[in-house]
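A.B. asks: Generate coordinates for the sequence data below:
(chains A, B and C)
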Amino acid sequence: MRELFPAKQVWGFVLSLALTAAALLVYFFNMSRATGMTIFIVTAFIQAFVQLVVFMHARETDDSKSIFATLYYAIFIALITVFGTLLCMIWGWKY
Amino acid sequence: MKVDHSQPLEYSTEQNRLNILGFWVFLGAEIMLFGTLFTSYFTLVDRTGDGPTGAEIFEIFPVLMETFLLLTSSFVIGLGIHAMRLGKKKAMLTFFVITLLLGLGFLGFEIDEFMVYYHEGATLQTSAFTSMLFTTLGTHGAHVTLGFFWGLFIIIQVAKRGITPATANKSFIFSLYWHFLDVVWIFIFTFIYLEGMTRV
Amino acid sequence: MGYFAKFAVPHPSPAIYASMIAIVVTVFLIIFGLTYFKKWIYLWSEWITTVDHKKIGTMYLIAALLMLFRGGVDALMMRAQTAVPDNKLLDSQHYNEVFSAHGVIMIIFMAMPYIMAFMNIVVPLQIGARDVAFPRLNAVSFWLFFMGAMLFNISFVIGGSPDAGWTSYFPLADNEFSPSVGTNYYMIAIQIAGIGTLMTGINFITTILRMRAPGMTLMRMPMFTWSAFVTSIIIIFAFPVLTIALLMGTMDRLFETKFFAMTDGGMDMLWANLFWVWGHPEVYILILPAFGIFSEIIPTFSRRNIYGYKSMVISMVVISLYSFFVWTHHFFTMGQTAYVNSIFSITTMVIAVPTGIKIFNWLLTMWKGRIRFTVPMLYSIAFIPLFTIGGVTGVMLAMSAADYQYHNTMFLVAHFHNVIIPGVAFAVLAGSTYYWPKIFGFMLNERIGKWAFWFLTIGFSLAFFPMYITGLDGQARRMYTYSEASGYGLLNFVSFIGAAFMAISFVLIVYTIYYSIRHSPRHVGGDPWDARSLEWATHNPVPEYNFAIIPQVDSREPFWDAKYKRYELFKGDYKKIHMPNNSGVPFIMSALFFVFGFALVFSMWILAVISLIGIFICMAHRSFEIDHGHYISVEEIKETEVKMGGNHK
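C.D. replies: Got it, this is the predicted structure:
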C-alpha cells in the first residue's frame, strides 16, 4: 500500500494545499492591493510549477528541453498579450 | 512495433514519444487559449454595465470546494500514473475512477454556482463582465466535461486490454491534460475569484 | 416555404443567380463524370481517405488554386467597379461583399493552404522522414480546412455573403449593422479552418523535432524546413487567440452576449485588438515559409550554398517572437495615447531589421553565383526589389504620427499587397514550378511560365503602385465609387489594366499546367534542377514510402555532397517499412463539422446538436480504435525501385 503513495507526490499535494491557503490569506485579512497581488502572482505561479514538475513529469524525458521551451514561450507570449492588451485598452486609453 | 524496455511503458515506442511531445505542444497552444480568455477577462472585468460586479456575486464556499476537488483529483491521477508504472492495474483503475468522480463533483458545484448567478440576475447576456465570466469558466468547464468522457474511455480500455504500451501512453497523456486543467483552475481561482472578492 | 425563406440571398443580383446555376451545373458535371468514368472508388480510396503527406499536400495545392481563382475574380470585379468614376457595375452592398470575400479567401483559403501544401509535400522529404508525426491528424487538418473553405464559399448563394470586411470589425459586424447571416458564416467557417491549421502546427513541430534523419541536427536543417518550423511555432501561439476571438464574436451574434456590444459595458475595440493579436503573427505565418521557398530556389539556381545560414535562422526565430509585439500598429488611430503608439511604432520598425538581414543574405547568395534564369528564379529575383518597396512603405506606416495620414487609405492597400503578392504569391508560384516535378513527375513548360511571370510582374506593378499615389491623395479603401472631380479616375484605370494583366497571367499559369500535362516529357529523373537538399534524393514522383533507405546526414547539403563529393547518402540494405493505414474518419468528422457549422449559421439547434454528437462519436471511435498500420515488404520496395529507375541499390 505504501508504495502507491510516493513521497514526492504527497509532498506536492501538501504544498499545493499550503499555497492555496496562502492565497486565501489575502481574502481573510485586510491588506494593500499591491501586497495582495504579489501574493496571488507568487502562489499561482509556484503552484503551476509544482504541477508541471511533480505531477506532469515534464523533466523526465530527453524531450524536456523542447517541452520547457514550448511552455516558456507560451507563457511569455501570453503575458505579452495580457499586458500589451491592458496597455492599449485600459491604461493607455484616452476615452 | 519496436518496444524499448528501458523506458516506462508510455514512452516505450517511437509513436508513443511522438504522442507525448505532440500533446505538450498542444498544451502550449492551450496556454495561449486560456491566456486570451484571461486577457479579455482583465479588459472587461470592470465593465459591468447595469449588472453585478464580481464582488457582489462570488461566494467563497463553492469556490473553495471546487478548488479542493480539482486539486485532489489532480493529485489522485498522479497516483494513478504512479500505480500504472508499477504495473498495478487495479490500483491504477481505482485512482482513475476516483479522479473522475472528483471531476464530476467539481462540475456539480460549478453548475450549481452558475444557477445561483443566474437567479441573482447575472446571465450570459447581462453585461460584458458576466459574458466574459461565463465564457472563461465555461471553457474550463467544457474542458473538464470532455476530459470526463475521455477518461471514461481510457478506463474502459485499460480494464479490457490491460496496461500495454498503447493504453499506458493514452493514460499518461490524459493525466497531462487533467493536470493542466488544474493549473488553469489555479489561475481562475486566484485571478478571477480571489482577486474579484478582494477588489475594492 | 416559410422555413426556407432564411436560406434566400438577401441582396440578389443576376451575377449571383448565374453563380447558383454555375454551381449546380458544376456539381452535376462532377457527379456525372465520377460515375461515368467509374472513379468514385478511386477518389475515396486514393484521395479522400489518404493519410499520405504528399497526397494531402497535393489536395491543398489544388484547393488553393481553386480559391486563387475565386479570390482573383473578386479582385477583378472590384477593380472593374472602380476603373472609372461613378461606375454602376456593382452597388455598395455588393462591393462590400466582394471585398470581404476577397480578403478572407485570399488570406485564409488561398495563401494558408498554399503554404500548407508545401509544408506537407516538402518538409518530410527534406528531413528524410517517411511521413509526418501524426498522419491521421494531418488528414483531419486538411479536411477541416476544406470544409471551412466550402462553408465560407456557399455563403454567397445560401443566406448571403459576409459584408463587414475581412477584419469584420465590431460594431459593424454585430447583428444590428450586419443583420444577414453572412457574418455568421465568417465567424464559423474561419473557426473550422483555424482548428485545422492549429493541428497542422502541432503536427509539424513534433515532426521536425523528432523525425529528422540521423545526423541532421537542427542547424543542418534546410532553410524551408526551418521556416516551416518557425511558422508552426507562430501558428500554435497565434491561432488560439483567433479561436477565442471568433468564439466571442459568434456568441455576440448568436446568443446576444455583450463582449463587443455598444451597451452594457461591451467593448467593440477589443475585437480589433484580439483580431490583430492573431492577425499580425498571421502575416509572418504566411511570409516565413515564402522566405523559405526563396531560400531553397535562390541557392539552387545560383549554384551556391545559402549565404549566412546562421543569421537566416536567427532572424526567423527573432521574427517569430517579435511578431507578437507589434499588433497595435493596425489601429494607431483607435484611441490609445501617443505613449502607447510610440512603443508599438518602435517595435514595428525594429522588426524590419531581421527581414532586412534576410534580403542581404539572398543578394549575397546570388553574388558571383552562376545564375540560371528559370521561372522559379525569375520570381525570386523579382521578389527582392518589389518586396523591399513594400517593406519600406511598411516602415512609413509604422510611424504612428504619420499613420494618421495613411490609415485606411489606398496607400495601406498598396502596401500590404506589395508585400503579400511579391512575397507570398510569387513564392508559391515559384514553389509550384520548382516542386511540380517532385509532385507530378514532369516539368512545367518554361516558355509559357515566363510569359505568365512577366504578365504578373508588370500587372502587379501597374495595379498597385498607382494606389500609393491615390492613397496619399486621400482615396479611402473600401469605397465602392468616387466622383469625377476627385481626380482618382486615371490612376484607378491604370490599376484596372494591371488587374487585367494579372488575370491574363493566371490564365497563362493554368494553360502551362494544361500544356505540360499534354506535352511535357515524363521520366525527368530524381533531380531535374540540379538541386541541393534531400527532397531531391528520391524519385519523381515520390514513392509512397519516400525513401527506400533512410538517408544519413553529416552536413547542411547532404544531397549536394552525394552528387559532387562522393558522399554515401544511403547506407545499408532495404528493410520492411512501416506505414500508417488510410482512414475515412477524418473526412466524415470534417463533413460533420461542416453540417455543424451550417446549422450554427442558421441557428438550427437540433441539427447542430446531432452533428456535434456525431463529431464526438468520431473522436470516441478514434480513442477505441486499434490501428497498427501496415508494412511494405522488401520485395515490394525492390519492385517499386526498379520500376522508378532507382539510382540507389
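A.B. asks: Next up, the contacts around the residue in the stretch 51-200 of chain C that chain A sits nearest to.
C.D. replies: Per Cβ to the nearest Cβ, the residue of the stretch 51-200 of chain C with the smallest distance to chain A is residue C:133, at 12.2 Å. For glycine as for every other residue, the C-beta is placed from the backbone atoms N, C-alpha and C. Contacts for residue C:133 (Cβ atoms under 8 Å, 6 or more residues apart in numbering or on different chains) come out as B:18, B:22, C:203, C:206, C:207, C:210, C:211.
A.B. asks: helix, strand or coil for residue C:532?
C.D. replies: Following DSSP: H, G, I helix; E, B strand; the rest coil, residue C:532 is assigned to coil.
A.B. asks: Quick check: the residue of chain A nearest chain B.
C.D. replies: Going by Cβ to the nearest Cβ, chain B is nearest to residue A:78 of chain A, at 3.0 Å.
A.B. asks: Give me the buried positions along the helix or strand containing that residue.
C.D. replies: Here residue A:78, judged by DSSP states H and E, is contained in helix A:64-86. By neighbour count with 16 or more other Cβ atoms under 10 Å in any protein chain shown, helix A:64-86 contains the buried residues A:66-67, A:70-71, A:73-75, A:77-78, A:80-82, A:84-85.
A.B. asks: Next: stretch C:310-329.
C.D. replies: By neighbour count on 16+ other Cβ under 10 Å, the buried set for stretch C:310-329 is C:312-313, C:315-316, C:318-329.
A.B. asks: returning to that earlier point: sec struct for the residue of the stretch 51-200 of chain C closest to chain A, please.
C.D. replies: Following three-state DSSP, we place residue C:133 in the coil state.
A.B. asks: Tell me the spacing between it and residue C:180.
C.D. replies: Residue C:133 sits 42 Å away from residue C:180, going by Cβ to Cβ, to the nearest Å.
A.B. asks: Likewise for residue A:84?
C.D. replies: Separation of residue A:84 from residue C:180 (Cβ to Cβ) stands at 34 Å.
A.B. asks: again, but for residue C:372
C.D. replies: Distance from residue C:372 to residue C:180, by Cβ to Cβ: 53 Å.
A.B. asks: Who has more neighbours out of these two?
C.D. replies: Neighbour comparison, residue C:372 and residue C:180: the larger count goes to residue C:180, with 20 against 13 (by other Cβ atoms under 10 Å in any protein chain shown).
A.B. asks: so which helix or strand takes in the residue nearest in space to the middle of chain A?
C.D. replies: When Cα atoms, centre = their mean is applied to chain A, the residue found nearest the centroid is residue A:45 (1.9 Å). Assigned by DSSP H and E, residue A:45 belongs to helix A:33-50.
A.B. asks: For chain A, what's the nearest residue on the stretch 501-649 of chain C?
C.D. replies: Residue of the stretch 501-649 of chain C nearest chain A, by Cβ to the nearest Cβ: residue C:553 (19.5 Å).
A.B. asks: what about that residue, how many residues close to it?
C.D. replies: Neighbours of residue C:553 (other Cβ under 10 Å): 23.
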